[in-house]
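sequence first, then the predicted structure, then my questions.
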Protein chains: 2
Amino acid sequence: MHCAPPGWRASRVRIGLDLAASGHAALDGCALDRRRFALLDAGAARSWPGLSTLGGSHRQEVDGGASAKNFATLERVLRGLVQAGVARDAVLVGIGGGAVCDLAGLAAALCLRGIELVLVPTTLLAMVDASVGGKAAIDLPEGKNLVGAFWPASDVLIDPSFATTLPDAEYRSGMAEVLKVAIGLDAALFEFCEHDAEALLARDEAALCRAIELAVAAKIRVVERDPQERGERRLLNLGHTLGHALEARSGFTQPHGLAVAQGLHHTLGLAESLGAISARDAARCRALLIRHRLPPEPLPPAALLLEFVERDKKLLEGRLRAILPTGIGASRPAVMGAREFLGLA
Amino acid sequence: MHCAPPGWRASRVRIGLDLAASGHAALDGCALDRRRFALLDAGAARSWPGLSTLGGSHRQEVDGGASAKNFATLERVLRGLVQAGVARDAVLVGIGGGAVCDLAGLAAALCLRGIELVLVPTTLLAMVDASVGGKAAIDLPEGKNLVGAFWPASDVLIDPSFATTLPDAEYRSGMAEVLKVAIGLDAALFEFCEHDAEALLARDEAALCRAIELAVAAKIRVVERDPQERGERRLLNLGHTLGHALEARSGFTQPHGLAVAQGLHHTLGLAESLGAISARDAARCRALLIRHRLPPEPLPPAALLLEFVERDKKLLEGRLRAILPTGIGASRPAVMGAREFLGLA
């Protein structure tokens, strides 16, 4: 059978909405004609009570954080949708951080074999990462994001003001993903993050809006050309091979972006030692990370990280695809052994 | 984002393979170059020991039957795949009846966001229904097939000889799905089932092969034109609205096809009363069902079926899309209330 695509659609991303204040009025014109169900981050619901009106009459709350991304919670959410009378023309509105966006995405993909999804990310990390690109997944005890689907949101609604009240570690975690895009894909974003570092550190809303806009646009450009990660999309994994290993090694207590920041430092060193990036560009990348309060930290011994790196789901015949930064806003994949990647070979 | 389809591919269906006897030799040229993992129906594995060689070195067994289609089993299968070292280039080979084909399909769709799927159906029902068309799902306590995906197998390998040793009720259950296609979609199949009824009742392999071939070809024609059931594919639900309600009402102890056969009798009566089908064609359809030992049986009171019909996931704004037979090998959808459908209005 050669058939039409089963669900790949355009994501309409709108940035700068005043959701925290105006709540569901911002949803005007966005699937308001369809029956809406909300999956809401309990913490976000407490912080911004207006948010709960976004989801229409039916809503379920889950505790955010990676612990929500498991089979038991997914089953509970899906049963809740069915009990509330979900039908194929329903819209699931996921409101929260990356974990809730991921969970909502997978629930929408699976509910009655797929219903429409709208995402309202409330963390900087989710705004630039989980809400855009169509990847949704839950974790297994064996590793992160091992069970999932490609199921893009029809609409992504981004209010940068949510990011202004995040705890410090969460804000830096989100900024790490912005800088990953800057270093690996987008020289204009890189220069903006250099030039407007002070405003971004002060969480100036206009500066945040611009940084999110550039980061999301860069990600969308890549995802449009390679939605299923068969080639170019792999560049988005810059810093993630080591980042995922660090997260796993920490028992997933380390925030994702902070682990990715360490992964960025590691691959900058690796790329430099392989001659893939000039010493000058590598230094400039490091300086940008440090400027945004993401300095290198001592890593666990490489031998202890090996088993976690080898568990990477992108492993192919025992070799991994590391993404190496090659300049300002540039990167390329390089296939190598896990030991070589960790400097053990 | 306007992107390429995330997983819709051609299913290569091969009918008449000698799998029961020759086992994995029949898989030559079919994904043998990729690492294979098997999900095997425990009953089928006992009946045909050669089957277990189809799945390569790693295999998991599940008890067939609808009880396998739940979250706990899905999670166990996915964890088993990960523990066995599954990677994105792996192939999952699902071997068994409809429940195992469905479970394998959903596991393949979700494992690492999608790996290749090969299906080897071992019941007549799975050969003509679950293995072809890309629908995969598990059940919730609230209803059947409420959690799922569209994930077609790359290869479907059909050995009709498996059907010759099925228990009587399972054989008739599979034949009901063949006759559903004959009545609703394919006059040639209808005539074949009339003319060669004796051979089919005797489970003659050549006759079975022909009936499966026609039924699968008709289903593929429809699915190719409407993979996601937005229009024409709904015709495949002929007999299923009442069928699903009967299954649910029985606590899912009634075999699927036998419930569908009662659904066919019911919609024939409904279509006749609405003037959608001639009395003569309706009588010919009924005679064919009876000839294949699928006579009408007394139904539970309509009032007791109402809640189950109203739970149908194809319900749209409280109304259901019944499929009405309109002649020999012909049918059309008709939107009506659940009460009207049951003759309560």
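Sure thing, it's come through.

next, count neighbours for residue A:141.
11 (other C-beta atoms under 10 Å in any protein chain shown). In this view, the C-beta of every residue, glycine as well, is placed from N, C-alpha and C.

how much space between residue A:264 and residue A:336?
Noted for residue A:264: a distance of 17 Å to residue A:336, by C-beta to C-beta, to the nearest Å.

have a look at these two and say which one is more surrounded.
residue A:264 (27 against 17).

you'd agree that one is in a helix?
Yes - Residue A:264: assigned to a helix according to DSSP: H, G, I helix; E, B strand; the rest coil.

how about the nearest residue to it, chain neighbours excluded?
residue A:239 (4.0 Å; C-beta to C-beta, 6 or more residues apart in numbering or on different chains).

so who does residue A:208 touch?
A:124, A:160, A:163-164, A:200 (C-beta atoms under 8 Å, 6 or more residues apart in numbering or on different chains).

where's the one residue in the stretch 201-345 of chain A that gets nearest to chain B relative to residue B:137, distance?
Relative to chain B, the nearest point of the stretch 201-345 of chain A is residue A:227 (3.7 Å; C-beta to the nearest C-beta). Residue A:227 sits 24 Å away from residue B:137, taking C-beta to C-beta as the criterion.

ok, how many other residues are close to residue A:344?
Using other C-beta under 10 Å, residue A:344 has 14 other residues around it.

swap that for residue A:197, please
14.

that one against residue A:293, yeah?
No - between residue A:197 and residue A:293 there is no contact under C-beta atoms under 8 Å: 10.0 Å.

buried sites along stretch A:51-61?
A:51-52, A:54-56, A:58-61 (16 or more other C-beta atoms under 10 Å in any protein chain shown).

name the residues that touch it?
Under C-beta under 8 Å, 6+ apart, the answer for stretch A:51-61 is A:19-20, A:23-24, A:26-27, A:35-42, A:44-45, A:76-77, A:80-81, A:84, A:93, A:95, A:120, A:122.

between the two ends of that stretch, how far is it?
12 Å (C-alpha to C-alpha, to the nearest Å).

chain center to it: distance?
23 Å (C-alpha atoms, centre = their mean, to the nearest Å).

one more: stretch A:185-203?
On C-alpha atoms, centre = their mean, the centre of stretch A:185-203 falls 19 Å from the chain's centre.

export it as CSV, just CAs?
Presented in CSV, the C-alpha positions along stretch A:185-203 are these (Å, rounded to 0.1, in the frame of the first residue of the first chain):
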residue,chain,number,x,y,z
LEU,A,185,22.6,25.4,13.7
ASP,A,186,22.1,29.1,13.8
ALA,A,187,24.8,31.8,13.8
ALA,A,188,22.3,34.6,14.0
LEU,A,189,20.9,33.2,17.2
PHE,A,190,24.5,32.7,18.5
GLU,A,191,25.2,36.3,17.9
PHE,A,192,22.0,37.4,19.5
CYS,A,193,22.8,35.4,22.6
GLU,A,194,26.2,36.9,22.7
HIS,A,195,25.1,40.5,22.1
ASP,A,196,21.9,40.4,24.2
ALA,A,197,23.3,38.1,27.0
GLU,A,198,22.5,40.7,29.7
ALA,A,199,18.9,41.1,28.7
LEU,A,200,18.5,37.3,28.4
LEU,A,201,20.1,36.8,31.8
ALA,A,202,17.7,39.4,33.2
ARG,A,203,14.8,37.5,31.5
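
only the buried residues of that stretch, if you could.
A:185-186, A:189-190, A:192-193, A:196, A:199-200, A:203.

average pLDDT across that stretch?
Computed over stretch A:185-203, the mean pLDDT rounds to 98.

just the ones of the contacts of stretch A:51-61 in strands?
Residues from the contacts of stretch A:51-61 lying in strands, with DSSP state E as the criterion: A:36-41, A:93, A:95, A:120.

against residue A:219, how distant is residue A:152?
Counting by C-beta to C-beta, the gap from residue A:152 to residue A:219 is 12 Å.

and these two? which has more neighbours close in?
The residue with more neighbours, out of residue A:152 and residue A:219, is residue A:152; 26 against 23, by other C-beta under 10 Å.

what residues sit buried inside stretch A:253-263?
A:254-263.

quick one: the strands in the stretch 51-200 of chain A?
A:58-62, A:91-96, A:116-121, A:135-140, A:143-150, A:155-158 (DSSP state E, counting those that start in this stretch).

about what we covered before: residue contacts, the residue nearest to residue A:264?
Going by C-beta under 8 Å, 6+ apart, residue A:239 touches A:176, A:180, A:184, A:260-264, A:266-267, A:323.

likewise for residue A:265?
Residue A:265 is in contact with A:286, A:289, A:296, counting by C-beta under 8 Å, 6+ apart.

which SSE is residue A:323 in?
Applying DSSP states H and E as the criterion places residue A:323 in strand A:319-327.

and that strand, what does it pack onto?
helix A:168-184, helix A:240-249, helix A:256-273, helix A:279-291, strand A:330-337, helix A:338-341 (3 or more C-beta pairs under 8 Å, 6 or more residues apart in numbering or on different chains; DSSP states H and E).

need the longest helix for chain A.
Determined from DSSP state H, the single longest helix within chain A is helix A:205-225.

and that helix, what's buried?
A:207-220, A:222-224.

kindly report the same for stretch A:128-146.
Per 16+ other C-beta under 10 Å, stretch A:128-146 contains these buried residues: A:128-140, A:143-146.

so which of these also contact chain B?
Near chain B, taking C-beta under 8 Å from any C-beta of the partner chain as the test, the members of the buried residues of stretch A:128-146 found are A:134-135, A:137, A:140, A:143, A:146.

export these to TSV and append columns for pLDDT.
Shown next, in TSV, are those (pLDDT from 0 to 100):
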residue	pLDDT
A:134	91
A:135	93
A:137	96
A:140	91
A:143	82
A:146	93
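
and the stretch 151-300 of chain A, which of its residues are near chain B?
A:152, A:220, A:223-224, A:227-228.

against residue B:154, how distant is residue A:282?
Counting by C-beta to C-beta, the gap from residue A:282 to residue B:154 is 43 Å.

more neighbours, the two?
Counting neighbours by other C-beta under 10 Å for residue A:282 and for residue B:154 shows that residue A:282 has the greater number, 21 against 16.

just for chain A, where's the confidence low?
A:1-10, A:20-34, A:66, A:312-318 (pLDDT under 70).

tell me the centre residue of it?
Closest to where the C-alpha atoms of chain A average out (C-alpha atoms, centre = their mean) is residue A:129, at 2.6 Å.

identify the spatial nearest neighbour of that residue, chain neighbours not counted.
Nearest non-adjacent residue to residue A:129, counting by C-beta to C-beta, 6+ apart: residue A:177, 4.9 Å away.
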